[in-house]
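Visitor: structure for this input, please:
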Amino acid sequence: MQKHSVASKSTRSTENAKTPSSDDKVNEPTNQRGVFVTMALTMSWQLALVILVPIFAGVQLDKAFGTGTVLTFVGLGVALIGSIAVMWRTMQIANRLPVPKLTDAQKRAIKKAYEEEDKDE
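Guide: Coordinates of the predicted model:
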């Protein structure tokens with residue numbers, strides 16, 4: 001009796017296991033959009049920190065030392081360099097991501113959509 005229950009458990013687990021199908025290709029663009037949105041949000045908060053913190057610190061240091069706007073502009077320069085670094089690093093990460101391959105049907109659909117746009121103009 002135990003052998004039968006073990007066999008039925010393994011059969012159920014293989015039946016529930018997800019097998020690759022053509023439906024998986026339909027979900028690929030959604031996954032790519034998710035990756036894009038995640039990367040955009042990550043870059044956004046990094047840019048906010050890299051820009052706001054040095055400028056705010058420069059303003060506060062100018063008030064504390066009475067140096068006019070010198071340290072604010074130094075903070076602005078640091079923010080500029082930091083924002084370039086954040087964008088550079090994000091582009092390096094994006095360039096390492098795999099590029100999804102289009103099927104022939106998808107390529108034809110895109111070509112047809114472009115041709116329809118050209119006719120509308």
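Visitor: from here on, just use CA atoms for contacts and neighbour counts.
Guide: Will do.
Visitor: what sits against the spatially most central residue of the chain?
Guide: With distances taken as CA atoms, centre = their mean, the residue of the chain nearest its centroid is residue 39 (2.5 Å). Counting by CA atoms under 8 Å, 6 or more residues apart in numbering, residue 39 touches residue 90.
Visitor: number of residues surrounding residue 110?
Guide: A count of nearby residues for residue 110, using other CA atoms under 10 Å, gives 13.
Visitor: what about it, which helix or strand?
Guide: Using DSSP states H and E, residue 110 falls within helix 104-120.
Visitor: quick one: least confident helix or strand in the chain?
Guide: helix 2-16 (a mean of 47; mean pLDDT, DSSP states H and E).
Visitor: what is the mean pLDDT for the helix holding residue 110?
Guide: Computed over helix 104-120, the mean pLDDT rounds to 91.
Visitor: quick one: the helices in the protein?
Guide: 2-16, 22-65, 70-95, 104-120 (DSSP state H).
Visitor: what's the most buried one of the ones you listed?
Guide: Mean neighbour count (mean count of other CA atoms under 10 Å) peaks for helix 70-95 among the helices of the chain, with a mean of 16.
Visitor: packing partners of that one?
Guide: With contacts taken as 3 or more CA pairs under 8 Å, 6 or more residues apart in numbering; DSSP states H and E, helix 70-95 sits against helix 22-65.
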